[in-house]
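# Sequence and predicted structure, then a few things I'm wondering about:
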Amino acid sequence: MFVLTESDSIGNQFIAELRDVTIQGDRLRFRKNLERIGEILAYEISKTFCYQTKPITTPLAQTTVRVPDSNPVLITVLRASLPFYNGFLNVFDKADSGFVGAFREEGEGEIKINLGYHASPDLEGRTVVLADPMLATGKSFIKSIETLLSHGTPKIIHIAVAIASPEGLSYLHENIHVPFELWIGAIDQSLNAQSYIVPGLGDAGDLAFGEKI
Ligand SMILES: O=c1cc[nH]c(=O)[nH]1
C-alpha cells in the first residue's frame, strides 16, 4: 500500500488545499488539486508495470528507452472522480477507459449503493486502475468491482483514492478476491454517522461541480 502523505512531498500541499475550508471553495483549484494527486499516484503506479526496451532515433543518434509494455484500463466512478481520473489520463494518455455511475440511495439505516450506468472494455488479463477520490464505506468500490468482473478478470486492480477511511480499507480487504493494490493520498480517522470521512474534506462531488438536487 502506498500512502502519499506518509512522507513529505509537494503532494501534501495539494491534500491540504483540498481539505481547507478557506481554499476548497475555489472549484477550479479543488478540481486541479484532485487532478494533481491523480497524476502523482499514476506516476507511482507506473513503477509497478512491466517494461520493454524501445529503440529510439533522436536527431543525433540511436538510443534505447525502457517503456511500459502495455497500457492500463482506467475505470472511474462518476461524478466526483472526473477531475481525479483526468490526472490519471494525463499520465496514462494511451489508456483505455471505462465508466461507472454510482449513487448513494438516501433513506433510513444502512447506505445502499446503486450502479445506474457502466461501460467498460474487455478487462481479461488487463492492468486496471480504479480511480475514485473518496474511499468512505467502500461499498461503491465493491459494487463497481463486482460489475467490472463481469467484463473479464483483470491481472491486477490498482485502487487509487485521495482520502481513505480505515473502515473503507477494512471493507475492501474483506471483500476483494482478485489481486489488488492500494494507492492513497491520505488515511483519515473514521467515518461519521452520515458515512462522511472525518476529517476528510466534505462532499468531493459538490466541491468539484456544485450541489445536486
Ligand atoms: O467524506 C466523503 C465520503 C464520500 N464522498 C465524499 O465526497 N466525501
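Great, that's in hand. Numbering: from 1, shown residues only.
# Now do the same contact list for Arg66.
Tyr51, Gln52, Thr53, Lys54 (Cβ atoms under 8 Å, 6 or more residues apart in numbering). The C-beta positions use only the backbone N, C-alpha and C, and glycine is treated the same way.
# Work out for me the element it sits within.
strand 62-68 (DSSP states H and E).
# which residues touch the next helix-or-strand element following that strand?
Using DSSP H and E, the next helix or strand after strand 62-68 towards the C-terminus is strand 73-78. With Cβ under 8 Å, 6+ apart as the test, strand 73-78 has contacts from 82, 84-85, 88-89, 92, 95-102, 117, 120-121, 123, 126-132, 140-141, 144, 148, 154.
# Strand 73-78 pairs with which strands, parallel or anti?
Partners of strand 73-78 in the sheet, by DSSP bridges, are strand 96-105 (parallel), strand 127-131 (parallel).
# Nearest to the ligand, out of these?
Nearest to the ligand among those is strand 96-105 (8.3 Å), distances taken as Cβ to the nearest ligand atom.
# For the ligand, tell me whether the closest one is touching it.
No - under the criterion of Cβ under 6 Å from any ligand atom, the ligand is not reached by strand 96-105; the shortest gap measures 8.3 Å.
# For that strand, what does the pLDDT average out to?
Taken as a whole, strand 96-105 has an average pLDDT of 84.
# just to revisit the earlier point, in the strand holding Arg66, what counts as buried?
Within strand 62-68, no residue counts as buried by 16 or more other Cβ atoms under 10 Å.
# now for the lowest-mean-pLDDT helix or strand in the chain, which elements pack on it?
Using mean pLDDT, DSSP states H and E, the weakest-scoring helix or strand in the chain turns out to be strand 112-119, at a mean of 76. Packing contacts for strand 112-119, counted by 3 or more Cβ pairs under 8 Å, 6 or more residues apart in numbering; DSSP states H and E, involve strand 96-105, helix 139-148.
# picking up where we left off before, which one among the contacts of Arg66 gets closest to the ligand?
Tyr51 (35.3 Å).
# Dig out what the closest one forms beta bridges with.
Pro68.
# what inclination does the strand holding Arg66 have with respect to strand 127-131?
For strand 62-68 against strand 127-131, the angle by axes from the mean of the first three to the mean of the last three Cα atoms, to 10 degrees is 60 degrees.
# Please enumerate the helices of the chain.
11-19, 27-46, 82-91, 139-148, 166-175, 204-209 (DSSP state H).
# Adding distance to Ala61, mean pLDDT and mean neighbour count, write these out as CSV.
Below are the helices of the chain laid out as CSV (distance: least, Cβ to Cβ, whole Å; pLDDT from 0 to 100; neighbours: other Cβ atoms under 10 Å):
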stretch, distance to Ala61, mean pLDDT, mean neighbour count
helix 11-19, 36, 98, 18
helix 27-46, 26, 98, 20
helix 82-91, 28, 98, 22
helix 139-148, 44, 92, 20
helix 166-175, 48, 98, 16
helix 204-209, 46, 97, 19
